[in-house]
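Engineer: Need a 3D model of the sequence below.
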Amino acid sequence: MTEAIVHQAAGNSDDSTQVPPATEQGKISTPAEVETAVHAVADRSRHAARRMARANRAWKDRGLRAISAALLESKSQILAANAKDVAAGRSNGTSAALLDRLTLTGSRIDALAAAMENLATLPDPVGNVVRGQTLPNGLRLRQINVPMGVVAAIYEARPNVTVDIAGLALKSGNAVILRGGTAAAATNAALVTILRDALESAGLPADAVQSVDQYGREGANALMRARGRVDVLIPRGGRELIQSVVTNASVPVIETGEGNVHIYLDASATEEMAVDILLNAKTQRPSVCNTVETLLVHSSSTVLPAVAAALRAAGVRLHADARIRAALPASIDSVPATEEDWATEYMDLDLAVAMVDSLDDAVKHIRTWSTGHTEAILTNDLANAERFIAEVDSAAVIVNASTRFTDGGELGLGAEVGISTQKLHARGPMGLTELTTTKWIVQGEGQIRG
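Structural biologist: Residues are numbered from 1 along each chain as shown. Have a look, this model is predicted:
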């Protein structure tokens with residue numbers, strides 16, 4: 001496709017079906033009016049998605065680089081909007097973990113801009129041949145990746161997701177509708193404006209990125225019910241938000257999960273590796289879903305005192321079972337663990353710690369309490385590592401490395417839409433390919449079925 005053709009596909013010159021703008025927020029008073037407004041947003045997204053699907057890689061990469069530049073140029077504007085959201089969050093008693101997710105800094109904006117540049121360097125998944133063959137009757141078959149179409153996302157207090165999902169959706173040829181929640185309303189409004197302006201400057205449809213934040217909770221409900229207008233909906237947030245979407249949505253949903261993440265400290269693990277990995281997995285950024293929440297320690301391990309001392313020195317509160325508490329030196333304090341601790345995603349400097357007598361016991365504990373996100377084993381026993389990989393059924397299984405690597409950017413995906421803990425279509429960090437579906441291409445020369 002030549003650039004001139006792409007410009008026609010992506011720009012406004014072929015806009016033969018103009019969709020009226022959504023009803024202004026101030027004039028909306030009933031759920032029916034909100035639904036009409038959200039449907040109008042979705043219809044404009046569908047129109048933009050058709051043009052995005054025809055845009056080639058060069059044009060999409062130009063849009064991503066325009067977004068990157070715009071984020072850097074608008075840094076002060078973004079930070080000012082974010083400061084309003086953070087101040088409101090503090091006054092409303094928002095938890096430290098959510099405040100951390102809500103907060104943007106200069107370096108975090110730099111990282112978002114760098115992620116868009118990185119996305120521009122990745123291969124375009126659209127048109128990739130998944131498989132193909134020529135049948136005995138001469139029919140030539142190809143199964144190729146194609147865009148989903150209209151991708152919607154509902155999330156909370158995570159303005160970085162606004163940029164990440166928009167970038168991934170654009171590179172994979174989709175249009176995106178965002179519902180970022182009240183907590184980040186000012187930041188998301190600023191970001192969506194910046195994204196739309198950047199797309200227009202690159203000749204891509206601004207309506208490839210839209211938000212329904214202005215319609216509040218009822219707008220989110222209408223988005224969940226927009227079957228036929230929205231192709232897939234991805235929730236990101238805590239258990240309550242995710243389960244609300246899964247339970248109430250009539251559009252297809254890719255379920256992302258909370259991260260009750262485990263690390264099993266095998267008897268053969270060395271002290272240096274155990275201390276370094278546990279500190280990184282728990283303290284680098286406690287508020288995110290790939291942070292370890294439960295440590296399982298083999299009863300023959302000799303490194304527990306060093307690991308516990310390092311964690312306590314870093315400010316981690318240990319919720320320990322009776323055997324761990326008995327094994328700890330008197331100088332290392334802890335609190336008794338309860339059943340609730342094994343099920344808790346703390347998202348803070350807290351860690352549940354239990355003692356187990358075998359790999360089987362560790363796997364049994366993980367099967368009982370895991371959310372299927374990420375589990376890790378620290379070991380120098382190859383057989384134990386292989387058994388752990390085979391027997392633990394989570395989206396990511398890690399051997400001798402921090403759980404913080406369960407991340408789209410860290411795994412070379414450029415960014416991520418979320419981390420899926422389900423098993424259909426996508427599992428684990430979701431990047432470009434996970435925002436595509438497939439199409440069968442059948443080419444013949446007059447064949448008919450006998």
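Engineer: Just confirm residue 301 is within a strand.
Structural biologist: No: per DSSP: H, G, I helix; E, B strand; the rest coil, residue 301 lies outside any strand segment and is coil.
Engineer: can you give me phi and psi for it?
Structural biologist: phi -70, psi 140 (degrees, to the nearest 10).
Engineer: mind listing what residue 46 touches?
Structural biologist: Residues near residue 46 by C-beta atoms under 8 Å, 6 or more residues apart in numbering: 149-150, 175, 229. The way it works is simple: take the backbone N, C-alpha and C, and place the C-beta from them, glycine included.
Engineer: try residue 275
Structural biologist: By C-beta under 8 Å, 6+ apart, the residues touching residue 275 are 303, 306-307, 310.
Engineer: Report the buried members of these.
Structural biologist: Neighbour-count burial (16 or more other C-beta atoms under 10 Å) applied to the contacts of residue 275 gives 303, 307, 310.
Engineer: correct me, but the first one touches residue 268?
Structural biologist: No: counting by C-beta atoms under 8 Å, no contact exists between residue 303 and residue 268, whose distance comes to 10.2 Å.
Engineer: State the distance from residue 170 to residue 128.
Structural biologist: From residue 170 across to residue 128, the span is 17 Å (C-beta to C-beta, to the nearest Å).
Engineer: err, residue 392, not the other one
Structural biologist: Noted for residue 392: a distance of 30 Å to residue 128, by C-beta to C-beta.
Engineer: ok, the two, which is more surrounded?
Structural biologist: Using other C-beta atoms under 10 Å, the more surrounded residue of residue 392 and residue 128 is residue 392, with 22 against 15.
Engineer: how near is that one to residue 247?
Structural biologist: Counting by C-beta to C-beta, the gap from residue 392 to residue 247 is 28 Å.
Engineer: Please apply the same query to residue 239.
Structural biologist: Using C-beta to C-beta, one obtains 12 Å as the distance from residue 239 to residue 247.
Engineer: Just the ones of the contacts of residue 46 in strands?
Structural biologist: Among those, the ones falling in strands (DSSP state E) are 150, 175.
Engineer: Identify each buried residue in whichever helix in the chain runs longest, please.
Structural biologist: Ranked by residue count, the top helix of the chain under DSSP state H comes out as helix 31-54. Using 16+ other C-beta under 10 Å as the test for burial, helix 31-54 gives 34-35, 37-54.
Engineer: Tell me which helix or strand comes right after that helix.
Structural biologist: Next helix or strand after helix 31-54 toward the C-terminus (DSSP states H and E): helix 57-73.
Engineer: which parts of that following helix are buried?
Structural biologist: Buried-residue list, helix 57-73, by 16+ other C-beta under 10 Å: 57, 59-68, 70-72.
Engineer: starting at the chain centroid, how far to the helix or strand just after that helix?
Structural biologist: Once helix 57-73 ends, the next helix or strand along the chain (criterion: DSSP H and E) is helix 75-91. Distance of helix 75-91 from the chain centroid (C-alpha atoms, centre = their mean, to the nearest Å) equals 22 Å.
Engineer: cool, stretch 135-147 as well?
Structural biologist: Counting by C-alpha atoms, centre = their mean, stretch 135-147 comes out at 32 Å from the chain centroid.
Engineer: Put the alpha carbons of that stretch into CSV.
Structural biologist: The C-alpha coordinates for stretch 135-147 follow below in CSV (Å, rounded to 0.1, in the frame of the first residue of the first chain):
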residue,chain,number,x,y,z
LEU,A,135,-4.8,-28.6,-0.5
PRO,A,136,-4.8,-31.5,-2.9
ASN,A,137,-7.6,-29.8,-4.8
GLY,A,138,-5.4,-26.8,-5.4
LEU,A,139,-7.0,-24.4,-2.9
ARG,A,140,-4.4,-22.2,-1.3
LEU,A,141,-5.1,-21.5,2.4
ARG,A,142,-3.6,-18.8,4.7
GLN,A,143,-4.7,-17.9,8.2
ILE,A,144,-3.5,-14.4,9.0
ASN,A,145,-3.7,-12.0,11.9
VAL,A,146,-6.2,-9.1,11.5
PRO,A,147,-7.2,-6.4,13.9
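Engineer: number of nearby residues for the residue nearest to residue 327 when sequence neighbours are not counted?
Structural biologist: Closest residue to residue 327 apart from its sequence neighbours, by C-beta to C-beta, 6 or more residues apart in numbering: residue 304 at 5.9 Å. Residue 304: 23 surrounding residues under other C-beta under 10 Å.
Engineer: Pick out the most distant pair among the contacts of residue 46.
Structural biologist: Farthest-apart pair in the contacts of residue 46 is 175 and 229; separation 11.1 Å (C-beta to C-beta).
Engineer: Overlap of the contact sets of the two?
Structural biologist: In contact with both residue 175 and residue 229: 45-46, 150, using C-beta under 8 Å, 6+ apart.
Engineer: For the residues you listed, give me TSV that also has distance to residue 295 and pLDDT.
Structural biologist: Shown next, in TSV, are these (distance: C-beta to C-beta, whole Å; pLDDT from 0 to 100):
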residue	distance to residue 295	pLDDT
45	44	97
46	48	97
150	42	97
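Engineer: Give me the sheet partners of the helix or strand residue 264 falls within and which way each runs.
Structural biologist: Take DSSP H and E as the rule and residue 264 turns out to sit in strand 261-265. Applying DSSP bridges to the sheet, strand 261-265 is found paired with strand 292-298 (parallel), strand 374-378 (parallel).
Engineer: looking at those strands, which is buried most?
Structural biologist: Highest mean neighbour count of those: strand 374-378, a mean of 28 (counted as mean count of other C-beta atoms under 10 Å).
Engineer: and the next element down the chain from that strand?
Structural biologist: helix 382-391.
Engineer: Show the subsequent helix or strand relative to that next one.
Structural biologist: Using DSSP H and E, the first helix or strand after helix 382-391 is strand 396-399.
Engineer: from what I can see residue 413 touches residue 432, true?
Structural biologist: Yes: contact status for residue 413 versus residue 432: in contact at 6.9 Å, counting by C-beta under 8 Å.
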